[in-house]
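> From the sequence below, what's the structure:
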Amino acid sequence: MNNFPGITLKIYELQFVVNPNDRAIQIPQQIQISQKNPNQNFQICGIKQIQQKQTILNCFSELQSKIEQPETFCENLMQTTRPPTQWCDNPAEVENRYPRKSIKTEQNLVNQLVTLKRAIQSQIPKHRQKGSMIFSDNREQEINYYNPTSKNMFQIQDQRGHRSLRSDVLYKTISRDMRKFYSKDFNAVTGFIIIKNRREKKFFLAQIEAYLKYRFPEFHYLLDKRLQQSGSQTSENKINEIVFFFGCLIYPKEMHKCLQTEDQSTAKSADSNPDRIKMKSIQNAKLKSFHESLYQFSLQKLYDLICSELYAYFFCHYFQKQIIEKNHIETKCPMNQHKPAFVIAYNLLLRLSQLTLVSSLLKQDAKTLNEDYLSSAMKYLQQEPKTLNLFRPENNPDKNQFPEDDLKTLTQEAFSMRDEDSDSEF
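Coordinates of the predicted model:
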């Protein structure tokens, strides 16, 4: 045994030998290996002495001469074993050497969002106008699509004889279909519609939380704290914003009942405060706006909804699942009768939702954005609109696809179908 300053080193010139014939091993109290003339065949308990003892001692003697200052040696040893991020003192150099893989910390994220916003704005007609004026131009576009070669905009019917829809009727149908899509999916996942009468009022809020966590994993960072409380949101000053929005979207009356239960518990509790009462009034106002947008519809109310981040996000999800993947316009008879008008309206709502979504992302700090939510939002921002094929190409490529005679024939057939419909009504 050799003692160095601050370090204790033990030297054993031993070699372990595995002998399969040894079954029972007895450990002696002491092994003497410092004999002057040791026996080369000396072996006990599978251990025997080896040669070159002096060589090992010389190595440790050299080590002792290099560590005359143990504190300096230990400090240098710790510096050589630092984590990679501590190799240099410059933070910028550390970031360049070991860049983070998260997309929210990339420097070009803001530039990418700005580019997307400009591209979306260029595809929205009259996007600088305020209010619902942007929704009132669908009929003119519909006429242009119906008769692209005609210079006289007199046609108010499609090739099947159906009249063009009013803008408010068109967008009201879309708004209610979106509500129906989410309510059906909510009941399919949770079965709430079957057992709602046998449960207490706050059960509706707990089911919304479970559904959102199942269907939208990107909202986990907002729902985890609530789920840890087992749905006991009534103890908080306000209901979770996403839960409140989704509840107003699918079942405004059920959400109104939950708020009434909250008001009753607030009135009975002794710790009522003005901030809690003010929060309830704000939630009641939001609930009223959601309810009126569905049952007292107007284009201005729809425009106000589409300018909110949550409504824009849920509409993009609805557009991708229902319109693109399931071809809902073609499969639903009322929409298929006015397919060009609905395609134009859906695409316009998609662009407005994307504009709202990208604007809200630009207002937030990139470092605070949740990575899962940002990835989903970027996917929706890159969603292409639905294509509108008004004319089917003919099998003969040499023949003109839009002859003037065929266009006149289609126009005459459309007017004749309209006359037949008017005669059948009387």
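> Tabulate the CA atom coordinates of stretch 343-350 in CSV.
The C-alpha atoms that make up stretch 343-350 are tabulated as CSV, following Å, rounded to 0.1, in the frame of the first residue of the first chain:
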residue,chain,number,x,y,z
VAL,A,343,-66.6,24.7,-52.1
ILE,A,344,-66.0,28.4,-52.5
ALA,A,345,-67.4,29.1,-49.0
TYR,A,346,-65.5,26.3,-47.3
ASN,A,347,-62.2,27.4,-48.9
LEU,A,348,-62.8,31.0,-47.8
LEU,A,349,-63.5,30.0,-44.2
LEU,A,350,-60.3,27.8,-44.3
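> Do me a favour and average the pLDDT over that stretch.
When pLDDT is averaged over stretch 343-350, the result is 93.
> Mind listing what's buried along that stretch?
Residues Val343, Ile344, Ala345, Tyr346, Asn347, Leu348, Leu349, Leu350 are the ones in stretch 343-350 that count as buried (16 or more other Cβ atoms under 10 Å). Glycine gets a C-beta too; all of them are placed from N, C-alpha and C.
> The second one contacts Thr387, correct?
Spelled out, it's Ile344. No - counting by Cβ atoms under 8 Å, Ile344 stays clear of Thr387, with 11.7 Å between them.
> one step back: would a markdown table of the buried residues of stretch 343-350 with secondary structure and distance to Leu116 be doable?
Output for the buried residues of stretch 343-350, formatted as a markdown table (DSSP: H, G, I helix; E, B strand; the rest coil; distance: Cβ to Cβ, whole Å):
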| residue | secondary structure | distance to Leu116 |
| --- | --- | --- |
| Val343 | helix | 22 |
| Ile344 | helix | 22 |
| Ala345 | helix | 22 |
| Tyr346 | helix | 19 |
| Asn347 | helix | 16 |
| Leu348 | helix | 17 |
| Leu349 | helix | 17 |
| Leu350 | helix | 13 |
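> any chance of those in a markdown table, plus distance to Leu165?
Conversion of the buried residues of stretch 343-350 to a markdown table gives the following (distance: Cβ to Cβ, whole Å):
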| residue | distance to Leu165 |
| --- | --- |
| Val343 | 12 |
| Ile344 | 11 |
| Ala345 | 9 |
| Tyr346 | 13 |
| Asn347 | 15 |
| Leu348 | 14 |
| Leu349 | 15 |
| Leu350 | 18 |
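> Just the closest of these to Phe244, please.
Leu349 (22.5 Å; Cβ to Cβ).
> mind listing what that closest one touches?
The contact partners of Leu349, taken as Cβ atoms under 8 Å, 6 or more residues apart in numbering, are Tyr171, Ile174, Ile306, Phe315, Phe319.
> list the contacts for Leu116?
Gln354, Val358, Leu381, Gln382.
> Show me the one in these that has more neighbours than the rest.
Highest neighbour count within those, by other Cβ atoms under 10 Å: Gln354, with 27 neighbours.
> I'd assumed that residue was in a helix, is it?
Yes - read with DSSP: H, G, I helix; E, B strand; the rest coil, Gln354 is one of the residues of a helix.
> Would you quantify the distance from it to Leu222?
Distance, Gln354 to Leu222, by Cβ to Cβ, to the nearest Å: 21 Å.
> And Asn347, by the same measure?
30 Å.
> can you check Leu310 too?
Distance, Leu310 to Leu222, using Cβ to Cβ: 11 Å.
> so what's in contact with those two at the same time?
Common neighbours of Leu310 and Leu222 (Cβ under 8 Å, 6+ apart) are Glu241, Ile242.
> Quickly find the element holding the nearest residue to Leu310 once chain neighbours are set aside.
Using Cβ to Cβ, 6 or more residues apart in numbering and skipping the chain neighbours, the partner closest in space to Leu310 is Phe245 (4.7 Å). Under the criterion of DSSP states H and E, Phe245 resides in helix 241-250.
> Can you list the buried residues in that helix?
Neighbour-count burial for helix 241-250 [16+ other Cβ under 10 Å]: Ile242, Val243, Phe244, Phe245, Phe246, Gly247, Cys248, Leu249, Ile250.
> Against which helices or strands is it packed?
helix 167-190, helix 203-215, helix 220-228, helix 252-268, helix 274-295, helix 309-318 (3 or more Cβ pairs under 8 Å, 6 or more residues apart in numbering; DSSP states H and E).
> and that helix with helix 203-215, angle?
100 degrees (axes from the mean of the first three to the mean of the last three Cα atoms, to 10 degrees).
> Now do helix 241-250 against helix 309-318, angle only.
With the same axes, to 10 degrees applied, the angle from helix 241-250 to helix 309-318 works out at 60 degrees.
> average model confidence for helix 241-250?
Mean predicted lDDT for helix 241-250 stands at 89.
> Use 753 as the first number from now on
Sure thing, new numbering starts at 753, so read that last one as helix 993-1002.
> and that helix, C-alpha only, in CSV?
Extracted as CSV, the C-alpha positions of helix 993-1002 are listed here (Å, rounded to 0.1, in the frame of the first residue of the first chain):
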residue,chain,number,x,y,z
GLU,A,993,-60.9,28.1,-21.7
ILE,A,994,-60.8,25.2,-24.2
VAL,A,995,-63.3,23.2,-22.2
PHE,A,996,-65.6,26.2,-22.1
PHE,A,997,-65.3,26.9,-25.8
PHE,A,998,-65.9,23.3,-26.8
GLY,A,999,-68.9,23.0,-24.5
CYS,A,1000,-70.5,26.1,-26.0
LEU,A,1001,-69.8,24.8,-29.5
ILE,A,1002,-71.5,21.4,-29.1
